[in-house]
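Visitor: no sequence on this one, just coordinates:
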Ligand code: CTP
């Protein structure tokens, strides 16, 4: 039988036929600035950095724009697929469609060139999946946004978590929806607010708006944009752009998918391989300087990894290591750092995320000299349990203060001070952190020691929530039952007499009132006073003979 190819002879394109860019070789230690210049001169998109390692010219240029022109170009290498010249076209196209920014084509042992241009892949409809996953109202709402955008000459897309999580076997349906508009987001948001009779909040300067729905959820409507970072860790300048660019500016490929909302079929846009990454439970940055441009992504990665049970791929972990090496980030504000820690604390698996951050050295962002210890990592992992316990005890603990306490407990004084400053802790919060650390040893002994209840109860009462949480985190196994008992007793031992009554009985206004109230409480704790009359007698005695008589 004749082979098909003989019957239907046809010209099959090979990788060599597709090459549309060139590759130039550079020494690995060459500065990014010089690599970018050389590549520009040679009109090359890709630089070969030693054998089998490649960097993109655009990444070298990005390093320069960030003020990192001196960085060795080998620090910017990215995994690029490499194929022989005779590889079939379809195999090359498949790699580009999976999100590779280019495919290097080899002629023997030397790179022949690179294929960068990809043909738009067939659009996959997400309608069936979204119908199974989202409630009918949310789906109808998304379709409404799509129609309204179209009516105003724009195009709307759902992006971020809602698209990512739709590919997971089990995920919580997001409360809030993120929509990107190619065109004027503000006009679309206004039309949406009117259509659903929601409340509109516009941030015209940022070309964004949000519409609060009457059921308590909200939709963020954002103009598609590109971002330019003028410095490491600074806030970017944003410019309206197309959807392709908008997806490329994002943190991880899994968060860089979009679903078009106008056609009714909810077609998926996945130019960067996000879906494949969801299947592999992989977090992959979109360029080697992603974490340098925005170090808060280090915290985001830990939060997603812990919540979704994903992991950074090896290359992205190296990109994170580079970003941490380049700390400190003067332009990264304490408020942004604290906001990320709070997001972690409010997310599904804070202990896992915080411990993973410590293991990765991420707290170098607070001070480059900081080194996590085993004890510190274990405490970060145990922190959510302590915070949950504190809530059951009615202790209002600020999670970030407890993180700060944990980090500073194991750092030398100078480094600890710098870290706390980096978190913007001053005034009362700073005092609470310092106090928790200073008070812990004596508090532990006092709580465990036998003896009159009042002395231990006074120690617990004076300690304050942060100090008690810190004691629990460090010594909870031996102190928790005693602290719980003492807190209950302190709660019950409230004097019946109020401050005003004490003053009416003759106690001088001012610190004496607190002193007498404290003494009444102690006397109740130790069983010396049992009722109101006992308190009155006590106060009279105190007034006659002074404090020591009590
Ligand atoms: N994003 C980013 N870099 C950041 C913050 C956000 O690229 N530092 C992008 C991501 O594409 C992200 C989207 O903005 O998907 C929306 O961010 P956010 O609302 O914080 O996250 P969600 O995707 O909604 O994910 P989740 O709600 O599950 O945290």
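Guide: Received it, and whenever you're ready, just let me know what you need. All figures in this text were calculated on a predicted structure; none of them were measured in a lab.
Visitor: so which bits of the stretch 251-400 of the chain are right by the ligand?
Guide: Within the stretch 251-400 of the chain, the positions lying close to the ligand (C-beta under 6 Å from any ligand atom) are 251, 255, 256, 294, 296, 297, 300. From N, CA and C alone the C-beta is placed, and that goes for glycine too.
Visitor: residue 354 reaches residue 399, doesn't it?
Guide: No. Residue 354 lies out of contact with residue 399 (C-beta atoms under 8 Å); the separation is 9.7 Å.
Visitor: and those two? Which one has more around it.
Guide: Using other C-beta atoms under 10 Å as the criterion, residue 354 and residue 399 rank with residue 354 on top: 30 against 20.
Visitor: list the contacts for the more buried one?
Guide: 302, 344, 380, 381, 383, 403 (C-beta atoms under 8 Å, 6 or more residues apart in numbering).
Visitor: report pLDDT for it.
Guide: We have a pLDDT of 98 for residue 354.
Visitor: which residues does residue 242 contact?
Guide: Each residue near residue 242 by C-beta under 8 Å, 6+ apart is listed here: 182, 224.
Visitor: same for the helix or strand residue 467 falls within, what does it pack against?
Guide: Assigned by DSSP states H and E, residue 467 belongs to helix 453-492. Judged by 3 or more C-beta pairs under 8 Å, 6 or more residues apart in numbering; DSSP states H and E, the packing partners of helix 453-492 are helix 374-392, helix 399-409, helix 427-448, helix 511-525.
Visitor: buried residues in that helix, which are they?
Guide: Residues of helix 453-492 classed as buried: 453-454, 456-461, 463-476, 479-480, 482-483, 486-487, 489-490 (neighbour count, 16 or more other C-beta atoms under 10 Å).
Visitor: partners of the helix or strand containing residue 46, with directions?
Guide: Taking DSSP H and E as the criterion, the element that holds residue 46 is strand 44-49. Strand pairing for strand 44-49, determined by DSSP bridges: strand 22-26 (parallel), strand 54-56 (antiparallel).
Visitor: what about the strands in the stretch 51-200 of the chain?
Guide: For the stretch 51-200 of the chain, the strands defined by DSSP state E, counting those that start in this stretch cover 54-56, 82-84, 103-107, 110-115, 124-125, 155-159, 177-182, 199-203.
Visitor: and the fourth one, what other elements does it pack with?
Guide: With contacts defined as 3+ C-beta pairs under 8 Å, 6+ apart, strand 110-115 has these neighbours: helix 15-18, strand 22-26, strand 44-49, strand 103-107.
Visitor: residues in contact with the shortest one?
Guide: Applying C-beta under 8 Å, 6+ apart, the contact partners of helix 15-18 are 83-89, 91-92, 103, 105, 107, 112, 115.
Visitor: average pLDDT across that helix?
Guide: 96.
Visitor: what are the buried residues along that helix?
Guide: Across helix 15-18, burial judged by 16+ other C-beta under 10 Å covers 15, 16, 18.
Visitor: just curious, which of these is nearest to the ligand?
Guide: Comparing these against the ligand with C-beta to the nearest ligand atom places residue 18 closest, at 30.3 Å.
Visitor: dump the residues of the stretch 251-400 of the chain next to the ligand to JSON lines, plus neighbour count.
Guide: Output for these, formatted as JSON lines (neighbours: other C-beta atoms under 10 Å):
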{"residue": "251", "neighbour count": "21"}
{"residue": "255", "neighbour count": "22"}
{"residue": "256", "neighbour count": "26"}
{"residue": "294", "neighbour count": "24"}
{"residue": "296", "neighbour count": "18"}
{"residue": "297", "neighbour count": "24"}
{"residue": "300", "neighbour count": "19"}
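Visitor: farthest pair in those residues?
Guide: Pairwise distances across those (C-beta to C-beta) peak at 16.7 Å, for the pair 256 and 296.
Visitor: can you give the domain ranges for this protein?
Guide: 15-116, 120-280, 366-492, 499-549 (automatic domain parsing).
Visitor: endpoints of the third one, how far apart?
Guide: As for domain 366-492, its first-to-last residue distance stands at 42 Å under the measure C-alpha to C-alpha, to the nearest Å.
Visitor: give me the neighbour count for residue 400.
Guide: So residue 400, with other C-beta under 10 Å, has 20 neighbours.
Visitor: so how far is residue 338 from it?
Guide: 6 Å (C-beta to C-beta, to the nearest Å).
Visitor: okay, and the common contacts of the two?
Guide: Shared contacts of residue 400 and residue 338 (C-beta under 8 Å, 6+ apart): residue 423.
Visitor: so where is the stretch 151-300 of the chain shaky, pLDDT-wise?
Guide: Scanning the stretch 151-300 of the chain for pLDDT under 70 picks out nothing.
Visitor: hmm, which helix or strand of the chain has the shakiest average pLDDT?
Guide: Across the helices and strands of the chain, mean pLDDT, DSSP states H and E gives its lowest value to helix 4-7, namely a mean of 51.
Visitor: okay then, goodbye and thanks.
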